[in-house]
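Colleague: just the structure for this:
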Amino acid sequence: MSVERWSITQVTALAPDASSLKGAHGVSTAARWQQAGVLGEALWGLCRGSGKQPYQVCVDLSGPAAKCSCPSRKFPCKHALGLMLLWASGATMDETVPPAFVTEWLAARTARSAAPKQAGPVDPAAAQKRVQQRADRVAAGMAELRRWLDDQVQQGLAGAQQQGHQPYDTMAARLVDAQAPTVASAVRRLGGVAGIGPFWADRLLGGLALIRLLVAGHERLDTLPAALAATVRSRIGFPVAQEDVLATPPVRDRWQVLGQVDSDEGAITTRRSWLLGATTGRFALVLSFAAPGQTLVADLLPGTEFDAALCFYPGAAPLRALVQERFGAPRPLTAPAPAAGLRTALAGWASTVAAEPWRTDAPMLLAGVVPSADGFLTDAAGESLPLAPGHREPWWLLAAAGGAPATVAGEWTPAGLRPLAAWADGRHVPAAPPVPAGTASREPELPADLLAAALVGTARRPWTADTVHLGDRTLTTPPTLLEAAATALTYRRAGITTATGHAPVAAAPAETDQPVPAAAGARLLRLLSDGGAPGGAQQAQELLAQWLAAAAARGGHVPPESLPALLDAGRRNAVIRPALGRVAGHRGSWLAAMRPDWRWLRDEAPGTGAPTDPEVWETGTVGERLAYLTRLRGSDPAAALALLGGTWQTEAPEDRARFVAALDTGLSTADDAFLEQALDDRRKEVREAALDLLQRLPGSALGRRMAERAHRAVRLTDRLEVTPPAELTPELRRDGVAAQPARGTGVQAWLLEEVIAGTPLASWTTAFHRDPAAIVELARGHDWETPLLHGWGKAAIAQADSAWAAALVLNDAGDGAGKLREAVRWDLHLLLPPGDLARIAADFLRREDHHAHRLLAVHPGAWPDELAVAVLETIAHRARTDRHSWQLAELCRASALAMPPRYAVHVAALAEQLDQQPGDQSRVRPVAELARTLDFRYEMELELR
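Modeller: Numbering: from 1, shown residues only. Predicted coordinates for the structure are as follows:
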């Protein structure tokens, strides 16, 4: 094969929107393609669709360009994206002769690119007349703009705070009428600055000054150098035909796509793609536009390079370019070059601003920089550049590089560097989107005396100075205030220097474990992205939990770039924290230590210390100490107990409950005295953890006390005789008896229930010489039946006794149905052997019992075959007969995360059968979505094996 496979990330970057990407993942499995092949730099395939005929899909990777027989108007459509995802995932592609539709499309593309463009007839005289008419309109508009600018500083900018944006909108509208749209946009943007935000007057005066400089350039247009004149014309809004640009001498190079920035300007969406020539070292900016409702052309992939010829628009600092011709498909970019040091990069910025003062951004590729703790990038020499507001906490870069020097691409602006991407260890990592920066610190750019005169107005405070002071330097300026401000602003921006005193963060410790497989890591990144997983957001979270559990069982650490999103997910969802702590690696712990709301990981992760090193107990983090204590309990429980007892009085209250819970490993009667002591702890969480262990510890003193109370209250003669406790004593409260009764329960009944709940169940079978089912039968119809059943039920839950759980569930399902409260009944179901629970659920499904869905929800782990088959049969039946499609959708959602993934092929076959039959398509969609989710889980399991 002549073209190198792309990564999943590169294909994902082509998606026009999240819904297209989600649909593409749904058709990216081999089962959805009748055929899929490759021909040189083209992919082709036949994708199974809803009709009888498959969709014909072609992709030219050298464009990239795509064609599909589906009716979608998006480019590329989900089928083309799905074919590229299939190829990028490493699937075997057919390399034999493709069908005719492939060769015909490729031949047509070749013919179109080779055919000369036919120019229409042109009337030179009429064209010249139109050019002159526009020039006259622009000249009149620029003259009016000059008068308006002079009026602003003559009257004073202080009034702009009250006037708002209206004067700027009015002037902008006049400039649009004068056919000067670009300068009109600049004036309109200043209306959003007037009176708004910190140092608004400084920003407003700077903007007005640069527009005044543009007016001066237009007045001298005939005498300016050709390149500068072209810049002035473009800043005013004179168009340059693409044909004229493409007719200029091209620059051929290996163009590296450093990054992209999309901006929504209301009426149009603009994408800026920054390129760098590997040989020439020349930057290029390729712009693409889309009207509302349309998608941007995604033919430049960040993190790739391609051989091409570019033609540049004329200008004093030519950056904008058009791609004239490509020579081959893009390839992954592992190390962009040439990267520059901070001083060299700033020198390039200074040259750009000197040539084109109106520029507010320019590209940089920085070599070997590390973030500091205060929002700077610092190189090995200790020199630094600030990051722009919204980017000053670059968690994405810290995670990807781990504090090691990295190559960073970005846009330099007067506010700092806006990062685009970084390359660390040969990996391309896109920058995270900016976060709201609030009132970010900003310094004025213009001298105070200039600003004071502009605020008051030159009518009251004439500007006569020909010099201004910039720091410790005096700058000679033109005589008018706006021209002086333009000179001072340009000088300041071009003269920016590196800062010092911003120490880089310390590097993360090296990983000692292997990473998870590359395919599994890519799937994790999909799970963490919007639209990267089937189903909604809730299902994506459940799939993430399954992925983390499987990865933790396998071992290894996650891709570093996934850590910020994972730590945020763990912050919101405590259920995934234990598994996440085992796969976050040392870099995860290092990263979490820098941010307070991520420090929960230090309580979960083993950390960097060896879990068998005794010094960890004295010096380690909470997570390291917990891991050491747990391991020691596994090998020497007595030594672990002595170790914890020795430091118990000095432990932090919030850590004690975690250490008590660790005694579950190797739990024995030797722990009884220590746990009894913990029952008197001042912290509720510690008492509850000790109580939980004591209730499950056979032979505990607590169990003996509760058994003595219970058997005084409940005796067996010829029938059960019950004498409940009269009052809640301090001793009962200490032993875990709750003071607050359940709703509708009397105090004595509640005390009886709580005492029985804390009693070892074995004491009942010993005292009554009966099995659990017979003892439960004794309570049927008794005056105290409800507290007896609930007490035994809660004891079965606490002691995880499946025999008692089965007896209570069967009793509640018979004549005693409805006696148990919902919470107790469903917790008892969790104790049933999976096979028994599956048989009950399957029976409920076949009888269409309304409890069936709840039973499916509480079934732990993957369903056994009997239950999976019953559910599949029910789905097929409901899809064909139910009047309410929501019931079918609910059943499919419940099945998506618990049905064994190997049933994906059966569900997909059912979805295809339903699709071929006439009827409501709303019944097909949930079944097809279930098939996609099972496919996703099946592939997820394979990747982690």
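Colleague: just checking, A355 touches A316?
Modeller: Yes. Assessed by C-beta atoms under 8 Å, A355 is found in contact with A316 at 4.1 Å. Backbone N, C-alpha and C define where each C-beta goes, glycine included.
Colleague: looking at these two now, which is surrounded by more residues?
Modeller: Looking at A355 and A316 with other C-beta atoms under 10 Å, you find the greater number of neighbours at A316, namely 20 against 16.
Colleague: need phi/psi at the more buried one.
Modeller: Torsion angles at A316 (phi, psi; degrees, to the nearest 10) stand at phi -70, psi -30.
Colleague: what pLDDT is listed against it?
Modeller: Looking at A316, its pLDDT stands at 94.
Colleague: that one against W358, yeah?
Modeller: No. Assessed by C-beta under 8 Å, A316 is found out of contact with W358, at 9.9 Å.
Colleague: give the residues shared as contacts by those two.
Modeller: T231 (C-beta atoms under 8 Å, 6 or more residues apart in numbering).
Colleague: re earlier: find residues that contact each of A355 and A316.
Modeller: A227, L228, T231.
Colleague: buried stuff in stretch 799-819?
Modeller: Residues Q799, D801, W804, A805, A806, A807, L808, V809, N811, D812, G816, K819 are the ones in stretch 799-819 that count as buried (16 or more other C-beta atoms under 10 Å).
Colleague: for the fourth one, give me the pLDDT.
Modeller: Looking back up the chat, that one is A805. Among the per-residue scores, A805 shows a pLDDT of 89.
Colleague: spatially nearest residue to it, not counting backbone neighbours?
Modeller: Leaving aside its sequence neighbours, A805 sits nearest to L831 (C-beta to C-beta, 6 or more residues apart in numbering; 3.7 Å).
Colleague: show me what contacts the one you found?
Modeller: Neighbouring residues of L831 by C-beta under 8 Å, 6+ apart: A796, I797, A800, D801, S802, A805.
Colleague: how much space between the last one and A823?
Modeller: The one in question is A805. 14 Å (C-beta to C-beta, to the nearest Å).
Colleague: what's the helix or strand hosting A107 in contact with?
Modeller: Element membership of A107, judged by DSSP states H and E, is helix 100-114. The contact list for helix 100-114 (C-beta under 8 Å, 6+ apart) reads L39, A42, W44, Q56, C58, D60, A65, K67.
Colleague: so what's the fifth one bridging to?
Modeller: Read that as C58. W44, K67 (DSSP bridges).
Colleague: look up how far H79 lies from it.
Modeller: In terms of C-beta to C-beta, C58 sits 10 Å off from H79.
Colleague: shared neighbours, those two?
Modeller: Here C58 and H79 have C68 as joint contacts, going by C-beta under 8 Å, 6+ apart.
Colleague: looking at the two, which one has more neighbours?
Modeller: H79 (29 against 25).
Colleague: just checking, the more buried one touches Y55?
Modeller: Yes. Using C-beta under 8 Å, H79 makes contact with Y55 at a distance of 5.2 Å.
Colleague: buried ones in stretch 896-907?
Modeller: Result for stretch 896-907 [16+ other C-beta under 10 Å]: buried residues A896, L897, A898, M899, P900, P901, Y903, A904, H906, V907.
Colleague: which of these lies closest to P517?
Modeller: Among the buried residues of stretch 896-907, P901 lies closest to P517 (C-beta to C-beta), at 17.4 Å.
Colleague: could you tell me which residues touch both of H79 and Y55?
Modeller: The contact sets of H79 and Y55 overlap at C47, C68, C70 (C-beta under 8 Å, 6+ apart).
Colleague: now the last one, nearest residue through space, not along the chain?
Modeller: Distances taken as C-beta to C-beta, 6+ apart place Y55 nearest to C70, at 4.9 Å, with adjacent residues excluded.
Colleague: which ones are touching the one you found?
Modeller: Counting by C-beta under 8 Å, 6+ apart, Y55 touches L46, C47, G49, C68, S69, C70, H79.
Colleague: what mean pLDDT does the helix of greatest length in the chain get?
Modeller: Secondary structure of the chain per DSSP state H: the longest helix is helix 124-155. For helix 124-155, mean pLDDT rounds to 90.
Colleague: in the helix or strand following it, what counts as buried?
Modeller: Moving toward the C-terminus from helix 124-155, the next helix or strand (DSSP H and E) is helix 160-163. Using 16+ other C-beta under 10 Å as the test for burial, helix 160-163 gives A160.
Colleague: and the next helix or strand past helix 160-163?
Modeller: Proceeding N to C from helix 160-163, the next assigned helix or strand is helix 166-177, under DSSP H and E.
Colleague: that older thread, out of the shared contacts of H79 and Y55, flag the one nearest to H502.
Modeller: Nearest to H502 among the shared contacts of H79 and Y55 is C68, at 51.1 Å by C-beta to C-beta.
Colleague: wait, A639 sits on R631?
Modeller: No. Here A639 does not reach R631: they are 11.2 Å apart, not a contact under C-beta under 8 Å.
Colleague: any regions of the stretch 201-350 of the chain where pLDDT drops low?
Modeller: 266, 292-293 (pLDDT under 70).
Colleague: residues in contact with stretch 746-757?
Modeller: The contact list for stretch 746-757 (C-beta under 8 Å, 6+ apart) reads 706, 709-710, 713-714, 722, 724-728, 732, 736-738, 741-742, 745, 784, 786-788, 790-792, 794-795, 798.
Colleague: apply 6 Å and report the result again.
Modeller: Here stretch 746-757 makes contact (C-beta atoms under 6 Å, 6 or more residues apart in numbering) with R709, A710, A713, P724, P725, V737, P741, P787, H790, G791, K794, A795.
Colleague: just the buried ones among these, please.
Modeller: Buried subset of the contacts of stretch 746-757 (neighbour count, 16+ other C-beta under 10 Å): R709, A710, A713, P724, P725, V737, P787, H790, G791, K794, A795.
Colleague: would CSV of those residues with distance to A339 be doable?
Modeller: Listed next are the buried ones among the contacts of stretch 746-757 as CSV, based on distance: C-beta to C-beta, whole Å:
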residue, distance to A339
R709, 76
A710, 75
A713, 79
P724, 79
P725, 78
V737, 69
P787, 75
H790, 70
G791, 72
K794, 65
A795, 68
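Colleague: restricted to strands, list those.
Modeller: In strands, judged by DSSP state E, none of the buried ones among the contacts of stretch 746-757 are found.
Colleague: can you tell me which of these is nearest T29?
Modeller: K794 (46.5 Å).
Colleague: so what's the closest one up against?
Modeller: A757.
Colleague: 8 Å instead?
Modeller: Listed by C-beta under 8 Å, 6+ apart, the contact set of K794 reads E753, I756, A757, V824.
Colleague: surely T352 touches A317?
Modeller: Yes. Between T352 and A317 there is a contact under C-beta under 8 Å: 4.7 Å.
Colleague: shared neighbours of the two, which are they?
Modeller: Both T352 and A317 are contacted by R359, under the criterion C-beta under 8 Å, 6+ apart.
Colleague: point out where the stretch 651-800 of the chain drops to low pLDDT.
Modeller: Of all residues in the stretch 651-800 of the chain, none has pLDDT under 70.
Colleague: and A337, how many neighbours?
Modeller: Neighbour count for A337, taken as other C-beta under 10 Å: 16.
Colleague: quick one: it and L258, what's the gap?
Modeller: Taking C-beta to C-beta, one finds A337 at 11 Å from L258.
Colleague: tell me the buried residues within the contacts of Y55.
Modeller: Buried residues within the contacts of Y55, counting neighbours by 16+ other C-beta under 10 Å: L46, C47, C68, S69, C70, H79.
Colleague: and the fifth one, helix, strand or coil?
Modeller: Counting by DSSP: H, G, I helix; E, B strand; the rest coil, the backbone at C70 sits in coil.
Colleague: wait, it sits on L46?
Modeller: No. With contact defined as C-beta under 8 Å, C70 does not reach L46; the gap is 12.0 Å.
Colleague: before we move on, back to that, which of A639 and R631 has more neighbours?
Modeller: A count of neighbours by other C-beta under 10 Å puts R631 above the other of A639 and R631, at 17 against 11.
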